[in-house]
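K.L.:
sequence and computational prediction follow.
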Amino acid sequence: MTRSWTQPARKMFPGIALFILAVLIASCAPASPPAPTTAPAAQPTTAPAATVAPTRPPAGPATSAPTTAAAAPTVAPTTAAATTVPAKPVAKGGLRKSASGYKGTLSLWVLGYTPGNQFANPFDLAVAQFMADNPDIKVEITGYPPNDEGFTKLTAAVQSGQGIDLLRLPSDRLPAFVKDDLLTPIDDFMTADDKADILPNLIDVVRLKNNKAYAWPLWVVPMGMYLNKDVFAEAKVDLPPKDWTYDQFVDTAKKVTFKRANGEQVYGFSGFIDPGVINTWGLWMNEDPSVRIIGKDGKFGFNNAATASALQRFADLALVHKVTPPDFGSMKDSDVKGGFTNKQLAMIVDATGPAAQFKADKVNFEIYPIPSYKGNRVTVGAIGLIAVTAIKDKTKLTAAMDLGRYLTSGEVQIDVPPGGSAATGFYLAPGARKSVKVADPLDKFIPMLPDMWVSPIINNWAPLTRLFHPEYQNIVFGKEKPADGMKKINDEANKLIAAP
């Protein structure tokens, strides 16, 4: 039996049991949906000394399937439903209908959106339905990628005060926007039905300045291990037990690292490492409950012997066991997902998002929990949100809030059910409302939620991860000892954590 724990982000997961129960109860609700995920990723800060070509992405449109983002906002915004909606939807009423009286355009920036891909189509379809119910409102969608570069572009656009009305973002990015008064609290716009439907512990997560809730909770995004069953079959390796340990994971990764008859190398494992993501952290944070970026004393928690041991154990996947591609640590997100789709990678660690694309691409895969270590299991993750900017026009603000409510509701899953261009539906992960039910393969993530550690909601989360990232890469590349890297950044990390 594994031992799990949780470090709450503010008040987050003391109530995780309530969340799981609510999701299970919601199985009585209508069919479920998952949604958009991601896109290309920026190059990491340090490159490894590798001479072998990086893992190639899949052929065709499946080249971008990242975990939380998509097309860079340098591309002109797309009017939703322009090309992906087979027929013009008919007005249905309900939460889809805005009573604001607003006439004009709403700009929605979506983490995980690339026009036309399997992750963008659900948002296109949902927004098309909203526009059918509100013919005087036009919604334009702009995607941004799931990496440091993408979040920097998003921040600059929001700070400009022009061009963004709503945005989909992970919870760890919320405090910086709230600190600068760039978002509008949703408290005055939540109805009694909203308060009864949204899981209370998720509303607590987004309560920041003056105890106001600054975003509509959309979904909870845990990380899991994706296993390519075709690669396992080719290597004649049985799938491991789902309650696997880290040692079993390493042993499995070794067995599914092999060279094909044509000379093509297959690797047992990979994952995306970037300042903007925490995908791989659960594989070493399971060392000990003390291995947390912010410790119980409120200070930088990675400058200790347990973390040094954990990081070295993780780096040894590349340095000792040789089960990762030569560019592991600097691979683009699209290359990680592409390698998995193309059967060049047997296992990858990722969030719920890629499940829709893999299913659409007919990848034969299974989803496992992160392996435990010494009885400890940690699933890292974040909460997906839809926030509304500080819009001065009250009529437009109300319309934006109405769209935010609809895009996080149970109604949107009815409008965008699984199948067709929406693949697995609208919802990309277990939903934040009791009325939302997720279907296969997303339901495979529900058992992982009790082990979930949510990235801390602090103002300087982004600069803190940027500070950690070069050391993390250099440890993976074998250029630095973990203890030295964490000691080097300890003082600066504490300043960032303590900053208001």
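P.N.:
All right, it came through fine.
K.L.:
report how many residues lie close to residue 497.
P.N.:
20 (other C-beta atoms under 10 Å). Every C-beta, even on glycine, is put in place using the N, C-alpha and C of the backbone.
K.L.:
that one contacts residue 459, doesn't it?
P.N.:
No - using C-beta atoms under 8 Å, residue 497 makes no contact with residue 459, being 9.5 Å away.
K.L.:
all strands of the stretch 251-400 of the chain, in order?
P.N.:
For the stretch 251-400 of the chain, the strands defined by DSSP state E, counting those that start in this stretch cover 258-259, 265-271, 345-350, 365-368, 376-377, 379-388.
K.L.:
out of the ones you listed, which comes closest to residue 186?
P.N.:
Of all the strands of the stretch 251-400 of the chain, it is strand 379-388 that lies closest to residue 186, at 7.2 Å by C-beta to C-beta.
K.L.:
give me the distance from the closest one to the chain's centre.
P.N.:
Strand 379-388 has its C-alpha centroid displaced from the chain centroid by 7 Å (C-alpha atoms, centre = their mean, to the nearest Å).
K.L.:
which other helices and strands contact that strand?
P.N.:
Where contact means 3 or more C-beta pairs under 8 Å, 6 or more residues apart in numbering; DSSP states H and E, strand 379-388 is packed against strand 166-170, helix 174-179, strand 216-222, helix 282-285, helix 394-407, strand 452-454.
K.L.:
export the ones you listed to CSV and tack on mean neighbour count, mean pLDDT and distance to residue 95?
P.N.:
As requested, the helices and strands packed on strand 379-388 are exported to CSV (neighbours: other C-beta atoms under 10 Å; pLDDT from 0 to 100; distance: least, C-beta to C-beta, whole Å):
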stretch, mean neighbour count, mean pLDDT, distance to residue 95
strand 166-170, 27, 92, 15
helix 174-179, 20, 91, 23
strand 216-222, 27, 92, 12
helix 282-285, 26, 98, 35
helix 394-407, 22, 98, 5
strand 452-454, 27, 86, 27
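K.L.:
so which residues of the stretch 351-500 of the chain form helices?
P.N.:
For the stretch 351-500 of the chain, applying DSSP state H, counting those that start in this stretch gives helices covering 354-360, 394-407, 411-415, 461-476, 482-498.
K.L.:
could you dump those to a markdown table with distance to residue 140?
P.N.:
Below are these laid out as a markdown table (distance: least, C-beta to C-beta, whole Å):
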| stretch | distance to residue 140 |
| --- | --- |
| helix 354-360 | 23 |
| helix 394-407 | 12 |
| helix 411-415 | 18 |
| helix 461-476 | 26 |
| helix 482-498 | 35 |
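K.L.:
the ones you listed: which one's closest to residue 214?
P.N.:
Evaluated over the helices of the stretch 351-500 of the chain, closeness to residue 214 peaks at helix 394-407, with 11.4 Å, by C-beta to C-beta.
K.L.:
now do that closest one against strand 166-170, angle only.
P.N.:
Note on geometry: by axes from the mean of the first three to the mean of the last three C-alpha atoms, to 10 degrees, helix 394-407 and strand 166-170 are set 40 degrees apart in direction.
K.L.:
one step back: and residue 317, which of the helices of the stretch 351-500 of the chain is closest to it?
P.N.:
helix 461-476 (8.5 Å).
K.L.:
any residues touching that closest one, and which ones?
P.N.:
44-46, 48, 148, 151, 172-173, 175-176, 273-276, 278, 293, 302, 311-312, 314-315, 318-319, 328-330, 455, 458, 480-482, 485-486, 488-489, 492-493, 496-497 (C-beta atoms under 8 Å, 6 or more residues apart in numbering).
K.L.:
and those, which are buried?
P.N.:
Among the contacts of helix 461-476, those classed as buried by 16 or more other C-beta atoms under 10 Å are 44-46, 48, 148, 151, 172-173, 175-176, 273-276, 278, 293, 302, 311-312, 314-315, 318, 328-330, 455, 458, 480, 482, 485-486, 488-489, 493, 496-497.
K.L.:
low-scoring stretches of this structure, by residue?
P.N.:
Across the chain, the ranges flagged by pLDDT under 70 are 1-87, 117-119, 419-424.
K.L.:
how is it partitioned into domains?
P.N.:
26-220+383-440, 224-380+454-498 (automatic domain parsing).
K.L.:
wait, which of those is closest to residue 447?
P.N.:
Closest of the domains of the chain to residue 447 is domain 224-380+454-498, at 6.9 Å (criterion: C-beta to C-beta).
K.L.:
could you report the distance from residue 404 to residue 237?
P.N.:
The gap separating residue 404 from residue 237 is 46 Å, by C-beta to C-beta, to the nearest Å.
K.L.:
same question, residue 258
P.N.:
From residue 258 across to residue 237, the span is 9 Å (C-beta to C-beta).
K.L.:
so for residue 282, which of the helices of the stretch 351-500 of the chain sits nearest?
P.N.:
That would be, of those and by C-beta to C-beta, helix 461-476, which comes in at 13.9 Å.
K.L.:
centre of the chain to that closest one, how far?
P.N.:
A distance of 18 Å separates the centroid of the chain from that of helix 461-476, by C-alpha atoms, centre = their mean.
K.L.:
list the buried ones in that helix?
P.N.:
The neighbour-count check on helix 461-476 (16+ other C-beta under 10 Å) flags 461-465, 467-476 as buried.
K.L.:
what's the angle between that helix and strand 379-388?
P.N.:
Here helix 461-476 runs at an angle of 150 degrees relative to strand 379-388 (the same axes, to 10 degrees).
K.L.:
report the angle between helix 461-476 and helix 482-498.
P.N.:
180 degrees.
K.L.:
neighbours of residue 141, how many?
P.N.:
Residues lying near residue 141 (other C-beta under 10 Å) number 26.
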